[in-house]
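S.K.: model the structure of this input:
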Amino acid sequence: MIALRVAPAILAGIVLGAHFLRAFELGPALVAVLAVPVLLAFRRRWALRVAQGVLLAGAVEWVLTTAILVDERQTLGEPAQRLVAILGSVILLTVVGAVLLGSRASLERFGPSRGSTGVSVAAVALTLLVVVPVQLVVDPPGLLLERFVPTAGWVEIALLTLYAGWLAEVMIDPALSPRWRVRVWRLFSAVFFAQLVIGLLGFDRFLMTGKLHLPVPALIIGGPLFRGSGLFMPILFTATLVFVGSAWCSHLCYIGSWDDAAARGVRGPRRRPKMVPSWHRPLQFLILGLTVVVALGLRFAGASSSIALAVAASFGVGGVLLMILWSRRVGVMTHCISYCPIGVLATTVGRLNPFRVRMSDECDACGACAAACRYDALRPEHIAARRPGAACTLCGDCVTRCRSGSLGYRLGNLEPWRARAVFIALIVALHAGFLGVARL
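M.R.: Below is the predicted model:
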């Protein structure tokens, strides 16, 4: 019986693929043909819902195509009844396929929802909102596959959305979230720098514009101030702050995962962070001010690009040395909380975002959360005040470590578990989007 329920959906995908192939759009054709079978292979309810969405989008495509073709026939004075009947049947097949996938029998076949269906579907939809405009608008192409094969960017979009749906399912599980946050953060950093290395070897398609920029976060603010142009990264950074606040530092920064690895050391996540001097945050504000002053000073002094490059490279090397010499020793991400000017911007300006991590009155001050925090945001005084310190990056490691369940995300009047679900959907979508488009 399950074969009868999925057969219309698969057939509708094949017909839609033929439609795109007729227009020589190979990428969309492959996505249309393979989307339903691949999603069904996941055997998750969220994948079933996404498959329904694909079919409904296909039905909309058929309606628009029918309207265009009917208009052409009427312009030429030709009859359109047969065309409407044929395409109407195709639309009906596509809609029926979507409805059958959503039947109770189909849902039961795919097991319990596991509490992740809504989060995964939201992550898929948000990922599409991030990457589809890149495919449609950005020139040269922002998606890597599109640079090699025209329309193949749609295949990359399909892969990114599948990845987002799966990752949201993993991240919503408190037992898996801390471990997978670190893994996918390191994956993003590895992909980012691998593209840089390949680009330096002469394959300039792997670079954003074909021109090299140093991978130093401070240049997000210092670069535009020195050049007087180049606002792409500041706009991207600001947009991230709007949606997820300071989470840039714990999920999306291409350098931050290095500091995290150094802080965890060879003993891994069980290594307990040590106390660091309380003056680390004022020091970070000072470095932010110096970054602005030096960048503007070099610009107005007429310094050459090579001099500016040397200054920026020296700053970046200093940060890496700090990770090796201090972060490894104290178990705290000292580069991110003491040295990086973008870090202090994210944790300061990012507080305009409504997401928060808060403790309830049931907190017994056991200190388990402090043992999980690598950002020095859960000192004894912070726990006493029932809120993390200013260096909190919403990483969520403390939330999943709390034994009493008194620590959680906050977003307006939402219950903590709902606030966390919204946050995960957003951060997973941004991560998937960055994985597809972030390059130097």
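S.K.: now do the buried residues in stretch 374-381.
M.R.: 374, 375, 376, 377, 378, 379 (16 or more other C-beta atoms under 10 Å). In short, each C-beta sits where N, CA and C put it, glycine included.
S.K.: for stretch 315-326, same thing?
M.R.: 315, 316, 319, 322, 323, 326.
S.K.: helices or strands next to the longest helix along the chain in the packing?
M.R.: Ranked by number of residues, the top helix in the chain under DSSP state H is helix 45-76. If contacts are counted by 3 or more C-beta pairs under 8 Å, 6 or more residues apart in numbering; DSSP states H and E, helix 45-76 sits against helix 2-22, helix 26-42, helix 81-101, helix 104-109, helix 117-137, helix 153-171.
S.K.: highest average neighbour count across those?
M.R.: helix 153-171 (a mean of 23; mean count of other C-beta atoms under 10 Å).
S.K.: mind putting the buried residues of stretch 315-326 in CSV, pLDDT included?
M.R.: Converted to CSV, these look like this (pLDDT from 0 to 100):
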residue, pLDDT
315, 96
316, 95
319, 96
322, 96
323, 96
326, 94
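S.K.: just those residues: which are in helices?
M.R.: Members of the buried residues of stretch 315-326 lying in helices (criterion: DSSP H): 315, 316, 319, 322.
S.K.: let me have these in TSV, extended by distance to residue 178.
M.R.: What follows is those, written out as TSV (distance: C-beta to C-beta, whole Å):
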residue	distance to residue 178
315	31
316	28
319	24
322	24
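S.K.: tell me the secondary structure at residue 78.
M.R.: What DSSP: H, G, I helix; E, B strand; the rest coil gives for residue 78 is coil.
S.K.: can you report how many residues lie near it?
M.R.: 9 (other C-beta atoms under 10 Å).
S.K.: make 738 the starting number, not 1.
M.R.: Okay, using 738 as the starting number, the last item reads as residue 815.
S.K.: gap between it and residue 809?
M.R.: To residue 809, residue 815 is 8 Å away according to C-beta to C-beta, to the nearest Å.
S.K.: equivalent analysis for residue 939, please.
M.R.: Applying C-beta to C-beta to residue 939 and residue 809 gives a distance of 48 Å.
S.K.: now do the buried residues in the helix or strand harbouring residue 1172.
M.R.: Using DSSP states H and E, residue 1172 sits within helix 1153-1174. Neighbour-count burial for helix 1153-1174, counted by 16+ other C-beta under 10 Å, picks out 1153, 1156-1174.
S.K.: run through the neighbouring helices and strands of that helix.
M.R.: By 3+ C-beta pairs under 8 Å, 6+ apart, helix 1153-1174 packs against helix 854-874, helix 890-908, helix 914-937, helix 969-981, strand 1144-1147.
S.K.: how about the nearest residue to residue 758, chain neighbours excluded?
M.R.: Among residues not flanking residue 758 along the chain, residue 766 sits closest, at 4.1 Å (C-beta to C-beta, 6 or more residues apart in numbering).
S.K.: residues contacting the one you found?
M.R.: By C-beta atoms under 8 Å, 6 or more residues apart in numbering, the contact set of residue 766 is 754, 755, 756, 757, 758.
S.K.: go again using 7 Å as the cut-off
M.R.: Contact partners of residue 766, counting by C-beta atoms under 7 Å, 6 or more residues apart in numbering, are 754, 757, 758.
S.K.: what's the answer for residue 1133, then?
M.R.: With C-beta under 7 Å, 6+ apart, residue 1133 has these contacts: residue 914.
S.K.: give me that answer again for 8 Å
M.R.: 914, 915, 918, 1094, 1146, 1157, 1160.
S.K.: which of the contacts of residue 766 sits closest to residue 803?
M.R.: residue 757 (15.4 Å; C-beta to C-beta).
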